[in-house]
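1. from the sequence below, what's the structure:
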Amino acid sequence: MEQIESKADASLSGGRAMPGATMLGAETDNARAYASLKQAVLSGGFKPGEVVTLRALAKRLEIGDTPVREAVKRLVSEGAFEGLPNRSARVPLLDRREIRQILELRILLESNAAALAAQNITLHQIEQLRAMHEAMGTAVVADDSITYGKYNMAFHFEIYRIADNRTLATLIEALVAAHGSLRVAYALVDHRRCRPGLASGCGNHEALLTAMQSRDAEAARSAMRADLSALSKIDGYWEGIEG
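-> Alright, predicted model coming up:
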């Protein structure tokens with residue numbers, strides 16, 4: 001399990017899918033703060049509308065105030081946070097129209113990335129994805145949405161890395177950070193209603209793995225489209241979201 005967790009962390013914080021993130025020993029404090037905070041954003045570590053202070057973030061990340069301030073500035077420019085006075089920032093609250101627009105773009109780009117990955121993937125990479133998939137299944141059984149979210153995002157970003165299109169991965173990353181679909185779902189939907197959606201997601205991931213195993217680009221595209229569409233169809237997903 002520790003090896004799987006290391007791979008999940010690497011998929012979120014390292015490699016081509018995370019611009020600015022490098023090997024830990026070579027990172028500057030600024031790059032490390034940015035990579036750590038970006039990982040927390042992508043994996044759903046903040047709720048919609050949540051206000052965070054620079055001091056609290058520095059304590060949470062165990063990094064100095066200045067690198068955290070620079071990291072927050074970058075994430076504000078990328079749309080992951082909104083800048084507030086008094087050394088604080090807020091996770092954006094999107095309305096339904098904005099969420100639908102971002103989701104449509106995500107489906108378009110991420111399904112294309114899945115198709116590319118199906119053409120590039122190796123057997124070893126398929127096994128790594130399967131290990132993450134199995135960890136998600138364990139999290140569903142344990143009713144652990146936090147762990148599920150971590151592996152789900154790592155699973156997706158590993159596929160985007162395998163697609164080997166840096167521009168595409170960068171665009172996807174920006175949309176995921178702005179969308180915060182996991183944050184919205186877990187913050188606004190009763191967890192018991194959300195659980196069937198997690199199980200459905202595991203089923204879509206199984207279809208993705210089957211397509212990857214067969215090197216079937218169009219099947220991978222369809223499975224990714226179904227996976228990204230499933231969350232917003234959970235009963236109660238749109239409750240509490242304006243517009």
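2. wait, isn't Ala71 in contact with Asp29?
-> No. Between Ala71 and Asp29 there is no contact under CB atoms under 8 Å: 9.6 Å. C-betas here are computed from N, CA, C, even on glycine.
3. what segments of the chain are helices?
-> Using DSSP state H, the helices of the chain run over 2-13, 29-42, 54-61, 65-77, 96-120, 123-141, 145-163, 166-179, 181-188, 191-214, 217-230.
4. so which elements touch the last one?
-> Using 3 or more CB pairs under 8 Å, 6 or more residues apart in numbering; DSSP states H and E, the elements in contact with helix 217-230 are helix 96-120, helix 191-214.
5. check the ones you listed for me: which has the lowest mean pLDDT.
-> Mean pLDDT is lowest for helix 191-214 out of these, coming in at a mean of 72.
6. quick one: least confident helix or strand in the chain?
-> Here the helix or strand of the chain ranked lowest by mean pLDDT, DSSP states H and E is helix 181-188, holding a mean of 45.
7. Ala71 and Asp29: which is more packed in?
-> Ala71 (27 against 14; other CB atoms under 10 Å).
8. tell me the spacing between Ser232 and Leu171.
-> 20 Å (CB to CB, to the nearest Å).
9. repeat that for Ser229.
-> 19 Å.
10. repeat that for Ala118.
-> Remark: distance between Ala118 and Leu171 (CB to CB) = 19 Å.
11. more neighbours: which of these two?
-> Ala118 (25 against 17).
12. isn't that one up against Gln213?
-> No. Between Ala118 and Gln213 there is no contact under CB under 8 Å: 9.1 Å.
13. correct me if wrong: Pro48 contacts Val91.
-> Yes. Assessed by CB under 8 Å, Pro48 is found in contact with Val91 at 5.7 Å.
14. the more surrounded of the two?
-> In this view Pro48 and Val91 are compared by other CB under 10 Å, and Val91 has more residues nearby, 22 against 17.
15. quick one, what contacts the more buried one?
-> Val91 makes contacts with Phe46, Lys47, Pro48, Gly49, Glu50, Val51, Val52, Ala80, Phe81, Glu82, Gly180, Arg183, as judged by CB atoms under 8 Å, 6 or more residues apart in numbering.
16. OK, contacts around the fourth one?
-> When you say that, I think you mean Gly49. When contacts are counted by CB under 8 Å, 6+ apart, Gly49 touches Arg90, Val91, Leu93.
17. can you list the domains in the protein?
-> Under the assignment automatic domain parsing, the domains of the chain span 18-90, 96-233.
18. need the distance between the two termini of the last one.
-> Okay, so that is domain 96-233. 13 Å (CA to CA, to the nearest Å).
19. ok, now stretch 76-83?
-> Termini of stretch 76-83 sit 6 Å apart (CA to CA).
20. and it, which residues are buried?
-> By neighbour count on 16 or more other CB atoms under 10 Å, the buried set for stretch 76-83 is Val76, Gly79, Ala80, Phe81.
21. what stretches of the protein score poorly on pLDDT?
-> Residues of the chain meeting the criterion pLDDT under 70: 1-27, 180-202, 234-243.
22. which positions within stretch 213-223 qualify as buried?
-> Asp216, Ala217, Ala219, Ala220, Arg221, Ser222, Ala223.
23. ok, stretch 139-157 next?
-> Along stretch 139-157, these residues count as buried under the neighbour rule (16+ other CB under 10 Å): 139-140, 145, 147-157.
24. and these, which two are the farthest apart?
-> Val140 and Phe157 (19.6 Å; CB to CB).
25. distance of the nearest residue to Met153 once chain neighbours are set aside from Pro85?
-> Leaving out its chain neighbours, the residue that sits closest to Met153 by CB to CB, 6 or more residues apart in numbering is Ser43, at 4.9 Å. Going from Ser43 to Pro85 by CB to CB gives 28 Å.
26. the two: which is more packed in?
-> Taking neighbours as other CB under 10 Å, Ser43 and Pro85 compare with Ser43 leading, 23 against 5.
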